[in-house]
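**Student:** Fold the following, please.
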Amino acid sequence: MSLKYVMEVYELMDSIHVSGEVVKDYLHAINPNVEISVQTIEGAKGSTDFVKIVVKGKNGKSSGGTAPTLGIIGRLGGIGARPEMTGFVSDGDGALACIASAAKAMDMALKGDQLEGDVIFTTHICPVAPTLPHDPVPFMDSPVNIGVMNQHEIDADMDAILSIDTTKGNQVCNHKGFAITPTVKEGYILKVSDDLLNIYKQSTGIAPVVLPITTQDITPYGNGLFHINSILQPAVATASPVVGVAITTETAVAGCATGATHVVDVEGAVRFSLEVAKVFGINKCSFYDQEQFALIEKLYGSMNHLQTQGSEV
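**Tutor:** This is a model prediction of the structure:
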């Protein structure tokens, strides 16, 4: 059960004074030996702190092992929109879930349940982010652009990525809880992973909920196309398979709304992510079918041009 850590991290982050260093201190109080880095990056609209936590596995690559590495990214614009809004915003759930997942994984290792493979957790902490107009409800903006986020949140050692993001501002996934996306790899939207669907069922006890995505959603921000949100932006900057873990609601909720975090829903996303980490490290969770991917590329060629800004006619 990860609810304790979700609640603790929420209280930690629900402050104008929170920073990457505050988060680092909180995590090091759980286990001072875990590798945690914080980097402050200045952007056109302010600054944010990128946080990276490496929870080593028994057979992880960081220790010379062979187990695959899972990346868990908390995607967001910011955890607060001060001074425009007072308090922790809905958009902050991605960072909340990521840091709570790291805390629980660290606690598991201390209790003897160390994962087989390394897990790299990355997100950023910004309590004073700007907002951005969007339909049907306003988005949270960010002090830095998506390219900078991908640069600091994607690690070359990540063999697969779960991208956790608040995805409440839409009218296509009317479910309170969380949903997963089809796998995205090098410009292709692939079939939903059967392994991930099974983990969803066992961790939630309900039928799997899948967030519908479009080709527009897997292209880079800044090209003028509509995006449901930034949940799949990591997919534009890696060849590794990416699956979105979308924290969702029945109604459209603005990313800049406060009082909109449902800790039980966030905890569900945390538990799902950690269950994936358990079996991914022992090679019992596949994000995509390698033979099918090879065949689709043979039949239709590379689609990695969708990972670029494209060309204007």
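
**Student:** Tell me who's in contact with residue 253.
**Tutor:** Taking CB atoms under 8 Å, 6 or more residues apart in numbering as the criterion, residue 253 is in contact with 90, 137, 168, 169, 260. Quick note: C-beta positions are derived from backbone N, CA and C, even for glycine.

**Student:** Check residue 15 too.
**Tutor:** For residue 15, the contacting residues are residue 127, by CB under 8 Å, 6+ apart.

**Student:** Apply 10 Å and report the result again.
**Tutor:** For residue 15, the contact set (CB atoms under 10 Å, 6 or more residues apart in numbering) comprises 22, 79, 80, 87, 88, 127.

**Student:** would you list these in CSV and tack on distance to residue 106?
**Tutor:** What follows is these, written out as CSV (distance: CB to CB, whole Å):
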residue, distance to residue 106
22, 16
79, 21
80, 25
87, 27
88, 22
127, 23
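
**Student:** Could you turn the buried ones of those into a PyMOL selection?
**Tutor:** The command below creates a PyMOL selection of those among the contacts of residue 15 that count as buried (16 or more other CB atoms under 10 Å):
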select buried, resi 22+79+80+87+88+127
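
**Student:** just to revisit the earlier point, now, which of the contacts of residue 253 lie within helices?
**Tutor:** Among the contacts of residue 253, no residue falls in helices (DSSP state H).

**Student:** Are any of those buried, and if so which?
**Tutor:** Judged by 16+ other CB under 10 Å, buried ones among the contacts of residue 253: 90, 137, 168, 169, 260.

**Student:** So the first one versus residue 171, what's the distance?
**Tutor:** As defined by CB to CB, to the nearest Å, residue 90 lies at a distance of 16 Å from residue 171.

**Student:** and what of the last one?
**Tutor:** Taken as CB to CB, the spacing of residue 260 relative to residue 171 amounts to 17 Å.

**Student:** How about residue 78?
**Tutor:** Distance from residue 78 to residue 171, by CB to CB: 24 Å.

**Student:** Ok, residue 177 next?
**Tutor:** According to CB to CB, residue 177 stands 17 Å off from residue 171.

**Student:** quick one, which of these two is more surrounded?
**Tutor:** Remark: of residue 177 and residue 171, residue 177 carries more neighbours, 19 against 10, as counted by other CB atoms under 10 Å.
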